[in-house]
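In: Predicted model follows, preceded by the sequence.
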Amino acid sequence: MFSGLTIGIKGFGMRGLAAALLFMGATSAWAQEAEPDSILNGWLGKEFTVQSSTLNDHMPVGGKLTFIFDSSDNVVRVCTRTVATQKGPWRMDFANPCGVTMTFTLGTRFCSFEDVKTGDAEVLSSCHRLRSRDVAMRPAKVKGTIELNDMIAFLVKDTDGKFYMSILVDSPSRVTDQGTVIVGQK
């Protein structure tokens, strides 16, 4: 009887030890926060200026944007800043300084400005990009409604070594109707 009790205690001890180790492993894995992809790092924490836009009512030319990585939510936050020289105010979701979140998709290459202008979905699907869905960027044309847009920011590394983004509003198939926004470092 005593030996049965001893075996039972040893069995419980091993099960308890295994459970404790599993719990510690799960806790340490849970405690690790997400990290941004190394490709994305060049665009994070730098202030960009809206340099041109065919969508002036969506993003004001001259406005400042900074992209930061929120490791707790595993998203990129778009933080806006108003400057005296910008052509109009930030509106809707962009009026809240870090109110727009985007998710990063790793592609196989950086897009060029020409790639984005052509709007070829097959080419664009191979590019590194950030995307946000359901962003309110301007008041809706129909009173009492909210106009929501999809926004895709393609990472562009130009020959001058500077980092840029070419931002499409809505989907690539409708880009000819909506236009683009170019942001870059000063």
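Out: Ah, there it is.
In: Distance-wise, check Ile152 relative to Pro139.
Out: Note on Ile152: its distance to Pro139, by C-beta to C-beta, to the nearest Å, is 22 Å. No exception for glycine: its C-beta is placed from N, CA and C like everyone else's.
In: And these two? Which one has more around it.
Out: Per other C-beta atoms under 10 Å, whichever of Ile152 and Pro139 has more neighbours is Ile152, with 24 against 13.
In: Could you tell me how far the more buried one is located from Val116?
Out: As for Ile152, its distance to Val116 is 9 Å (criterion: C-beta to C-beta).
In: Can you show me the helices along the protein?
Out: 2-31, 92-95, 113-118, 121-124, 175-178 (DSSP state H).
In: which parts of the third one are buried?
Out: Think helix 113-118. Asp115, Val116 (16 or more other C-beta atoms under 10 Å).
In: joint contacts of Ile152 and Val116?
Out: Common contacts of Ile152 and Val116, defined by C-beta atoms under 8 Å, 6 or more residues apart in numbering, comprise Leu124, Leu168.
In: Pull the number of nearby residues for the nearest residue to Pro60 once chain neighbours are set aside.
Out: Distances taken as C-beta to C-beta, 6 or more residues apart in numbering put Gly88 closest to Pro60, at 4.0 Å, once the chain neighbours are dropped. By other C-beta under 10 Å, the residues close to Gly88 number 14.
In: Neighbouring strands of the longest strand seen in the chain in the sheet, and parallel or not?
Out: Assignment by DSSP state E gives strand 148-157 as the longest strand of the chain. Sheet pairing for strand 148-157, assigned by DSSP bridges, gives strand 129-136 (antiparallel), strand 163-169 (antiparallel).
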